[in-house]
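> Fold the following, please.
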Amino acid sequence: MSLQKKDFIEIEFTGKIKGGEIFDSNIKKDIASANLDVEPKPFVFCLGEGMFLRGADDFLVGKEIGEYKIELSPENAFGKRESKLVQMIPMKIFKEHKLSPFPGAVFNFDNRIAKVLTVSGGRVIVDFNNPLAGKDIIYDVKVLRKIEDKNEKIKSFINFLFKKDFQFGIKDKNLIITVDKGFKPLVEMFRDKFKEIFELELEVREVEDKKKTENK
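I've put the predicted structure just below:
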C-alpha cells in the first residue's frame, strides 16, 4: 500500500549537496565520513506535517516502502539565495554585546541566524540566507517501515517537538501528557496539532522535577 499524508514512517537518510558534501544524515558511516555532530538514530516522522524537508516529504507521498534518490532544485529544497538577505550591521552593535565578529563566524540576531562575510572598519557584512540556499540537493532515503502503533507515533511526535520523552497515556478520547514543571504552556501550544493528527483531546499535567523534590 502506498504512503499517504499523516502516515508515520521510519527512514534512513543522507542529504548532500549535488556533487558535494554531506550536510545531514542519520546513518553512522555517513555521519562519520562527513564529521557531523549528530547521533545516528532512527528517524520517525509524519508525512505532510513539516517534520522533514518539504520537497523530500512531498516526493515520498504515494511511494512504497523502499529506497529512493530524491533530487531537489533550490526552489524545492532550501530556497534561492536572496541578495536582500546580505546586510550591513554596524560594528557598534557587536561591541555593545561584547562580540568580536570575523569572517565565517555565525551569530543569532533575534532568532535569525547569520554568517559574517566581511569585516571592514565599522562595517560588518552578514548573510541571513540559509547556508544551503541556491544549491541543488540530493537525499538518499530508505523507507524502512510504516508505523502502525499509535503509542509509537505519539512518542516520536513528542520527541520531535520537544526533544524529550515525556510520559503519556491514552484514556477514552484524551491524550494525557505528563511534563516537567514549566513545560505545560509550551506543550499546550500544540493542542490543535495533536488533535488533528491523532484525533485526541490533549490534557497536560505538570509535575515537579524529581531531583528537586528529593532535595527538598
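
> give me the number of residues near I170?
13 (other CB atoms under 10 Å). (Each C-beta comes from the backbone N, C-alpha and C, glycine too.)

> dump the residue contacts of V86.
Residues near V86 by CB atoms under 8 Å, 6 or more residues apart in numbering: 117, 125-129.

> wait, which of those is closest to D110?
Proximity of these to D110 (CB to CB) peaks at F128, which lies at 11.0 Å.

> who's in contact with the closest one?
Taking CB under 8 Å, 6+ apart, one finds 85-87, 109, 112-114 in contact with F128.

> May I ask which of these has the most neighbours?
Neighbour-wise, the contacts of F128 (other CB under 10 Å) top out at A114, 21 neighbours.

> Could you check the pLDDT of the residue lying closest to that residue once chain neighbours are set aside?
Of all residues not flanking A114 in the chain, V126 sits nearest, at 4.1 Å (CB to CB, 6 or more residues apart in numbering). Model confidence at V126, given as pLDDT, is 96.

> burial count for V126?
Count around V126 with other CB under 10 Å applied: 22.

> Repeat that for K163.
Neighbour tally, K163, other CB under 10 Å: 7.

> and the contacts of V86, which two are the farthest apart?
Taking CB to CB, the two most distant members of the contacts of V86 are I125 and N129; they sit 12.4 Å apart.

> Let's see which of the contacts of F128 end up in strands.
86-87, 109, 112-114 (DSSP state E).

> Tabulate these (JSON lines), appending pLDDT and distance to G48.
Formatted as JSON lines, the ones in strands among the contacts of F128 follow (pLDDT from 0 to 100; distance: CB to CB, whole Å):
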{"residue": "V86", "pLDDT": "96", "distance to G48": "33"}
{"residue": "Q87", "pLDDT": "95", "distance to G48": "34"}
{"residue": "F109", "pLDDT": "87", "distance to G48": "31"}
{"residue": "R112", "pLDDT": "89", "distance to G48": "27"}
{"residue": "I113", "pLDDT": "92", "distance to G48": "26"}
{"residue": "A114", "pLDDT": "94", "distance to G48": "31"}
